[in-house]
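J.: okay, here's the prediction I keep looking at, along with the sequence it came from:
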Amino acid sequence: MAGIGFELKRFLGKESYLGLISAYGFAGLICSGPWLLSILTILVLSVMSKFSNIPANTILVFQILIVYLIAFSLMLSGVFQHSYTRYIANQIYLKHFSDIIPSLNSVFLVLILSAASLGFLLIKTFLPSLSLPVQLLLLSSFIILSLTWICTSILSGMLAYKTIFFAFLSNFLIAMSLGWFLHFQGLEGLLLSYLSGQFFMLLVLVYTIYHAFPSNTIIHFKFFTLKDTNKMLILTGLLYNIGIWADKFIFWYSPQTGITIIDALKASYVYDIPIFFAYLAAIPGMAVFLLNLETTYTDAHEFYFKRITGNHTLAQINHAYFNLMVAARDAIYSAVKSQSIMFLFCVVISPFLLAKLQLSSMYLPLFIICLLSAGLNIILWAVLDIIFYLDRIKEALLLNVMFVLTNIVFTTASIHLGIFYYGFGLALSLFVTSLTGFLFINRIVLNLTYETYMVRN
Amino acid sequence: MILFTSGTQAMFESLPKADNIDILLLLEGTYPFVSGGVSSWVHQLIELFPQHRFGAVFLGGQQADYRKMEYTPPKNFVHLECHFLFEQTDGESSASKPADQTHFDELVKFHDYFKQLETANYSDLAKQLINHFSHPNHVTLQDFLHGKLSWQYIIEQYQTKCPHISFTAFFWAIRNIHMPIFKIIHLVNQLPQAKVIHSVSTGYAGFLGALIASQRACPYILTEHGIYIKERKIDLMQSKWLKISHFNELRDRDSLQYLTNLWIRTFEILGRFCYATASPIISLFPAYQAQQIHYGADPENTHIIPNGINTVKFKKTAKDTPNQTSPIIGLIARVVPIKDVKNFIRSMVFVLEVIPEATAWIIGAINENEDYFHECEDLINVLELNQKIIFKGKQKTEDIFQEIDLLVLSSISEGLPLVILESFSCGIPVVATNVGACEELIQGATVEDQALGAGGIVVEISNSAELARGVIELITQPERWQQAQATILKRVHYFYNETLFKNDYEAIYEKAFSLWQASDSNLNDFSEKKAILA
């Protein structure tokens, strides 16, 4: 018989929204893991140096090397952070569990090759005076760290917090105990203990993932058949990590603020210490926000999209829409509130804190502005998280471009304006970017139902 | 897989293209990509008129549904273009600026005209539609799919008409009802010139024909094998039943009821556009002619031309009596629900009780609805008929008729099945369900036809016991079988001969060509007059 046969199910809409929800339910966590780790690493090893009789300079070189390792490995793996997590989330949503390991292996392969070649070039060019063993240890650590960030992203996505905690803990225990015996060997000993801890952690993480998603295929490159959304996500992940580190690099390499530690590696006493303690102070606020986002916003978000994909009337959809609006507002308010409280609290106790840490009170103004930056950073992260939830990759990309550019421009300006303005660059950049993010969210949410039906289909 | 896709792509890109077409066929979901009765008919038509240059516009759902050509078109098939109405590609560039409120309101007003479903002047409306869309600021598919005006209108309609049903279901129904219509309207200006338009169904193809005919004032012929509106109703009822079994909430039943009605109305409106503009409106047998009139065709314009069969190709079998002990019972049909293959399988249980050595062949494509095919296989296993029922796949039917003893057709819906004529031409009697023209074919249509006798047995639909009784009677009573054979050989010769078929269409085409010439010379006059005036 002539005529186009058709099935009603094709006409009842797509069901892809749920996949995206699960993809972004943990977008925030992915950002927080590496932060925590980098801050704690430096903290623990600084404390250890106090009880040790090895030359202070060795400890300093070691610390700076680790900071650079973390910065570069985060930037490199940031390329895959959002894009690959989204891919995994989609595979999980589609129940293509056997695609996870082969694609993870392909990402590992690409990361190992690029980390090895990039690391080799960087070490040979900028750290020629280091001994060959140290160079090799650095290169191995660089590769392993790059892989670790990808694994933590996936495991946070699987909500395997216990595994992550256990892995981190064992990492530190191994690094510490090995460090206790090996630090007499100098830089080589310290780096070897650090590398061992990291390596053990990677093994735990990889084993957990491999165990969770058995597969018959070793490797395939389906993830690398890049679509436009993937390209944008790659750029977003890269830019976010560049943005986070841009002000630090500018302070390190400005003649007014940076000093040479070893070869081409520089640090900035005036900036590094306050910013480091400020981010440490932001951790409790981050936890509060995370909890809030996971409970209120995620629920409202899922509720809204379930109403759209299910058989519900427009009145019911609109009801869920208002819920979502309120939840989005509440999530941002709670981030602002918790960060404000934390900020005020820290401002009050910071003179005592500085005294306890045996730091000069000259640091106080800079410390306060850094506290503000850390708080604003959490707020920006909240904004990005909601934008990712709403699957607005373009807006997320724009915000990250803005973050990188403003951070570079404002930080450079602050250094030229003089010591009083140090720290204002990052704070202003975060403030402007977050504010723009609020406006984006406002616009997106106001037109959400129209765009969900009419623009995104 | 990639190679395969690019092969399909290459096929769609290398279709024949020509400009000077005599007859432009409008084919919806059929020839040359889908095999079946209508497609064989189209192929036969093109072959019968090698002196005319045929072109075709193929309308499909989505490109992925059509992988290869099922027919090798004759040399006089000079043009083929394919358009996919449910493909999510936008027909027009998004560069044009959004439609304004005035034009949007103008288009929306058509809904009011359609409220008087039966009395509206559809040939006038076709002209108005063409007019609206020729304006540079007309509402585009882009406006409809993504525009704010369209969104507001959809919400407004939802809130006034059906605020209690699923909004997402409503939204997709509205979108899927309108999207193909926008695409069809956009197509009108892109199609090549032709002397005559000939559509082989109403529906989207028929609607396209209506618009072309209104715009170009060219002759427009419609041949309908089944009744499109009725077939779509069956489709909708089947999916509806499926959906209700999934969602038991009352609201969903309401939604489906409402949306099903919306779809049926759409197909009725499309059909009325077609019936109002086509002439002649051809059906294959009287019952469907009555249906066409019921759905809006002018009785004066309707016409019956039954199928014709090539008696040389389908020559008489050597059998003059059935094999009574181990007969082969053939069902020639694609394995799809509308053919009710399960009914045939169940009937074999009864047949085998009486004729234990009988075998059943199911001849036809098994890959069109794989779920249904597997259900059939399961049924055969449950009934323990594995040794008795064989799926033969697609076969050359002219060879099959030399082997089988009886043809069975168990469909729940049919037009005028070509396979019965083929069977008749080969001298194989038929047991068929009482659908479409089956009764007329087996018992005879006119008084003189009926006088020839019965060419088999007609049974009621979905009744396996009765179907089995028909088979048993013909196989176990050879004299009845022989009488039926004598009848059908005569019937084919007198009433379903290919020559008769050819003569009828020749007359229709000749008349259409002369109409075209008249209108064409009018046009020439007009342009000459314009030239003089200038």
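T.: That came in fine, so what should we check first? Numbering: from 1, shown residues only, chains lettered A, B, ... in the order given.

J.: which parts of the chain are strands?
T.: All of this is about chain A. For chain A, the strands defined by DSSP state E cover A:259-262, A:265-267.

J.: wait, chain B
T.: Using DSSP E, strands in chain B cover B:21-28, B:54-60, B:77-84, B:194-199, B:220-223, B:281-283, B:302-304, B:328-332, B:359-363, B:389-393, B:406-409, B:430-433, B:456-459.

J.: hmm, back to that, a markdown table for the strands of chain A, including mean pLDDT?
T.: Converted to a markdown table, the strands of chain A look like this (pLDDT from 0 to 100):
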| stretch | mean pLDDT |
| --- | --- |
| strand A:259-262 | 90 |
| strand A:265-267 | 90 |
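
J.: out of those strands, which is the most enclosed?
T.: strand A:265-267 (a mean of 20; mean count of other CB atoms under 10 Å in any protein chain shown). All C-beta atoms are positioned from the backbone trio N, CA, C, and that covers glycine.

J.: against B:Thr202, how distant is the residue lying closest to B:Tyr122 once chain neighbours are set aside?
T.: Spatial nearest neighbour of B:Tyr122, excluding adjacent residues (CB to CB, 6 or more residues apart in numbering or on different chains): B:Ala276 at 3.6 Å. Using CB to CB, to the nearest Å, B:Ala276 is found at 11 Å from B:Thr202.

J.: could you export the strands of chain A as a markdown table, including distance to chain B?
T.: Shown next, in a markdown table, are the strands of chain A (distance: least, CB to the nearest CB, whole Å):
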| stretch | distance to chain B |
| --- | --- |
| strand A:259-262 | 52 |
| strand A:265-267 | 48 |
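
J.: and the residue of the stretch 351-500 of chain B found nearest chain A, backbone torsions?
T.: In the stretch 351-500 of chain B, the residue that lies nearest chain A is B:Gly415 (7.0 Å; CB to the nearest CB). In terms of degrees, to the nearest 10, the main-chain angles of B:Gly415 are phi -100, psi -120.

J.: list the residues that contact the closest residue to B:Val349 other than its chain neighbours.
T.: The shortest distance from B:Val349 to any non-neighbouring residue, by CB to CB, 6+ apart, is to B:Leu383 (5.8 Å). Residues in contact with B:Leu383, defined by CB atoms under 8 Å, 6 or more residues apart in numbering or on different chains, are B:345-346, B:348-349.

J.: just these: which are in helices?
T.: Among the contacts of B:Leu383, the members falling in helices (DSSP state H) are B:345-346, B:348-349.

J.: what does the stretch 151-300 of chain A put close to chain B?
T.: The stretch 151-300 of chain A comes close to chain B at no residue, as judged by CB under 8 Å from any CB of the partner chain.

J.: okay, helices next: where are they in the stretch 251-400 of chain A?
T.: A:269-292, A:298-309, A:314-356, A:364-389, A:393-417 (DSSP state H, counting those that start in this stretch).

J.: now do A:Ser131 against B:Ala512, distance only.
T.: Separation of A:Ser131 from B:Ala512 (CB to CB) stands at 94 Å.

J.: who has more neighbours out of the two?
T.: Legend: neighbour count by other CB atoms under 10 Å in any protein chain shown for A:Ser131 and B:Ala512, higher for B:Ala512 (22 against 11).

J.: which residues does the more buried one contact?
T.: B:195-196, B:219, B:221.

J.: in the stretch 351-457 of chain A, where is pLDDT below threshold?
T.: A:457 (pLDDT under 70).

J.: quick one: name the residues of it near chain B.
T.: A:450, A:453-455, A:457.

J.: in helices, which of those fall?
T.: Per DSSP H, these map to helices at A:Tyr450.

J.: can you name the two of the contacts of B:Ala512 that are farthest apart?
T.: The distance between the two most remote of the contacts of B:Ala512 (CB to CB) is 11.2 Å, for B:Lys195 and B:Ile221.

J.: quick one: which of these two has more around it?
T.: Neighbour count, other CB under 10 Å: between B:Lys195 and B:Ile221, B:Ile221 has more, with 24 against 21.

J.: check contacts around the more buried one.
T.: Here B:Ile221 is in contact with B:196-199, B:278-280, B:282, B:508, B:512 (CB under 8 Å, 6+ apart).

J.: what about 10 Å?
T.: Residues near B:Ile221 by CB atoms under 10 Å, 6 or more residues apart in numbering or on different chains: B:23, B:25, B:196-200, B:209, B:213, B:278-282, B:303, B:505, B:508-509, B:511-512.

J.: now the buried members of those.
T.: Neighbour counting with 16 or more other CB atoms under 10 Å in any protein chain shown marks B:23, B:25, B:196-200, B:209, B:213, B:278-282, B:303, B:505, B:508-509, B:512 as buried within the contacts of B:Ile221.

J.: any idea how far B:Glu375 is from B:Val382?
T.: Counting by CB to CB, the gap from B:Glu375 to B:Val382 is 10 Å.

J.: which residues are common contacts for these two?
T.: B:Ile345.

J.: what about those two, which has more around it?
T.: Shown here are B:Glu375 and B:Val382; by other CB under 10 Å, B:Glu375 has more neighbours (16 against 9).

J.: in contact with the more buried one, which residues?
T.: B:Glu375 touches B:335, B:337, B:341-342, B:345, B:369, counting by CB under 10 Å, 6+ apart.

J.: what about burial for those residues, which qualify?
T.: B:335, B:337, B:341-342, B:345, B:369.

J.: so B:Ala276 and B:Thr202 - more neighbours on which side?
T.: Taking neighbours as other CB under 10 Å, B:Ala276 and B:Thr202 compare with B:Thr202 leading, 34 against 22.

J.: can you list the low-confidence ranges for the stretch 1-150 of chain B?
T.: Using pLDDT under 70, the stretch 1-150 of chain B drops low at B:1-8, B:89-96.

J.: wait, isn't B:Gln324 in contact with B:Glu479?
T.: No - using CB atoms under 10 Å, B:Gln324 is not in contact with B:Glu479, being 11.7 Å away.

J.: closest residue of the stretch 101-250 of chain A to chain B?
T.: Closest point on the stretch 101-250 of chain A to chain B, by CB to the nearest CB, is A:Thr225, at 10.8 Å.

J.: what count of nearby residues applies to that residue?
T.: 7.

J.: for stretch A:353-373, how far is the first residue from the last?
T.: Length of stretch A:353-373, first residue to last, CA to CA, to the nearest Å: 18 Å.
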